[in-house]
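Chemist: Sharing a model prediction with you, sequence too.
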Amino acid sequence: MRMDPAPAVAVSSEAALGPAYLDGEFLPLAEARVSVLDRGFLFGDGVYEVLPFEQRRVLFGAEHIRRLERSLAALEIQRPLPAKDWEPILKRLARDAPWPGGALYLQVTRGAGPRLHLWPEQMRPTVLVMCLETPQRDLQRGLAVISCGDIRWDWCHIKAVTLLPNVLLRRRAARAGADEVILTRAGKVVEASSANVFMVRDGRVLTPPHSEHMLPGITRDLLLRELDQAGLPCAEQPITLRELRAAHEIWLTGSTLGVAPVRLLDGQPLVPPETPLLPRAQALYQELKQRPGAAWTADA
Ligand SMILES: Cc1ncc(COP(=O)(O)O)c(C=O)c1O
């Protein structure tokens, strides 16, 4: 099955890599170095967050740091900083980034040590935060997705850097001319390789419930709350692939994606209803981003 060619993603030049934060120091990303004995490098032993920023406002920082702390605790990685210390770091990088909008990539690994599966008790975590340019894509056109079985591990609720299955799944999508994969386990939809999944059927918005098999997306959770508060019928419930195929609308959500429509599922076009709910969902999400409490604003 071959669909449209996947959108080209522009790769940053080194000059545009921007500033970074590494283990207590701000420096140009091009100068940042970590040990080859870092367990992030050797084992993928670490966790991460991707925080969007717009007009140099870091969005939903508190929510991302809360999830980071949950991921660290789940993997028994020492907390490198008190929760309140992340805000000034993230604000400064958003202020100094080469672009007014993009994403901040925050990674904490267990640190450097002897290459042994069992880690020593006392390890100093490695902390890296860098700026990411988010690719300019026309998301309104809609994404092409393919469905496939989930080949990841059983703890997908932890945002671990160990993303090899996700990387290979995205490659599989690109080979099929698609943008993303929608993953299933035992016939049930879990999520995409880097996004959560919503479907609309007969005016009801549905998304799979939290489980260990999917990441509790910040965008997903916030959007669901906004839809509910706006009085739109919505529910968290298991969705079969069969039900997904009968959806009137499918949306993918994520911090750098926002709320994006799917246009093709396994090569089959979706036939949206006369009044799709997507514009409403996107407007609610946009409004939410503008609320005063939603962002950490970089000091001048
Ligand atoms: C596997 C997976 N699911 C869902 C999401 C969406 O999460 P969020 O809305 O917090 O960006 C991501 C984001 O990277 C992801 O990697």
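Modeler: Thanks, I have the structure now. Predicted model, so just to flag it, every value in this text is computed and none were measured.
Chemist: Quick check: beta-bridge partners of the residue in the stretch 1-150 of the chain that the ligand sits nearest to?
Modeler: Residue nearest to the ligand within the stretch 1-150 of the chain: Val50 (5.6 Å; CB to the nearest ligand atom). For every residue, glycine as well, the C-beta is placed using N, CA and C. Applying DSSP bridges to Val50 gives these bridge partners: Tyr105.
Chemist: neighbours around it, how many?
Modeler: Residues within reach of Val50, counting by other CB atoms under 10 Å, total 18.
Chemist: Please list all residues in contact with it.
Modeler: Contacts for Val50 (CB atoms under 8 Å, 6 or more residues apart in numbering) come out as Ala103, Leu104, Tyr105, Leu106, Leu132, Ser255, Thr256.
Chemist: which of these are close to the ligand?
Modeler: Ser255 (CB under 6 Å from any ligand atom).
Chemist: Those residues of the stretch 101-250 of the chain touching the ligand, which are they?
Modeler: Applying CB under 6 Å from any ligand atom, we find that the stretch 101-250 of the chain lies next to the ligand at Glu191, Ser194, Ala195, Asn196, Leu215, Gly217, Ile218, Thr219, Arg220.
Chemist: re the thing from before, neighbour count and pLDDT for the contacts of Val50 - can I get that in JSON lines?
Modeler: Formatted as JSON lines, the contacts of Val50 follow (neighbours: other CB atoms under 10 Å; pLDDT from 0 to 100):
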{"residue": "Ala103", "neighbour count": "23", "pLDDT": "97"}
{"residue": "Leu104", "neighbour count": "28", "pLDDT": "98"}
{"residue": "Tyr105", "neighbour count": "16", "pLDDT": "98"}
{"residue": "Leu106", "neighbour count": "22", "pLDDT": "98"}
{"residue": "Leu132", "neighbour count": "19", "pLDDT": "95"}
{"residue": "Ser255", "neighbour count": "22", "pLDDT": "97"}
{"residue": "Thr256", "neighbour count": "17", "pLDDT": "95"}
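Chemist: Just give me the closest of the contacts of Val50 to Lys84.
Modeler: Nearest to Lys84, judged by CB to CB, of these is Leu106 at 14.9 Å.
Chemist: Show me the domain layout of the protein.
Modeler: Listed by automatic domain parsing, the domain ranges of the chain are 17-132, 139-290.
Chemist: Columns distance to Ala298 on top of those, output as TSV?
Modeler: Below are the domains of the chain laid out as TSV (distance: least, CB to CB, whole Å):
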stretch	distance to Ala298
domain 17-132	4
domain 139-290	15
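Chemist: So the spatially most distant residue from the centre of the chain: helix, strand or coil?
Modeler: Of all residues in the chain, Pro114 has its C-alpha farthest from the mean position, at 31.1 Å, by CA atoms, centre = their mean. Under DSSP: H, G, I helix; E, B strand; the rest coil, the three-state class of Pro114 is coil.
Chemist: Correct me if wrong: it contacts Phe43.
Modeler: No. Between Pro114 and Phe43 there is no contact under CB atoms under 8 Å: 12.0 Å.
Chemist: if I pick the residue farthest from the centre of the chain, what's in contact with it?
Modeler: Leu37, Pro120.
Chemist: Can we start the residue count at 47 from this point?
Modeler: All right, first residue 47 from here; so that's Pro160.
Chemist: tell me the helices in this protein, going along the chain?
Modeler: 85-89, 107-120, 132-142, 210-221, 264-275, 287-291, 324-336 (DSSP state H).
Chemist: what would those helices look like in CSV with mean pLDDT?
Modeler: Output for those, formatted as CSV (pLDDT from 0 to 100):
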stretch, mean pLDDT
helix 85-89, 98
helix 107-120, 98
helix 132-142, 98
helix 210-221, 98
helix 264-275, 98
helix 287-291, 98
helix 324-336, 97
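Chemist: And Arg247, how far from the ligand?
Modeler: 21 Å (CB to the nearest ligand atom, to the nearest Å).
Chemist: That residue: what's it in contact with?
Modeler: Taking CB under 8 Å, 6+ apart as the test, what Arg247 contacts is Glu289, Ala292, Ala293, His294.
Chemist: can I get those residues in a markdown table with neighbour count?
Modeler: As requested, the contacts of Arg247 are exported to a markdown table (neighbours: other CB atoms under 10 Å):
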| residue | neighbour count |
| --- | --- |
| Glu289 | 16 |
| Ala292 | 10 |
| Ala293 | 22 |
| His294 | 17 |
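Chemist: can these go into a markdown table with extra columns for distance to Asp225?
Modeler: Converted to a markdown table, the contacts of Arg247 look like this (distance: CB to CB, whole Å):
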| residue | distance to Asp225 |
| --- | --- |
| Glu289 | 22 |
| Ala292 | 21 |
| Ala293 | 17 |
| His294 | 20 |
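Chemist: Closest one of the residues you listed to the ligand?
Modeler: Checking these against the ligand by CB to the nearest ligand atom gives Ala293 as the nearest, at 18.4 Å.
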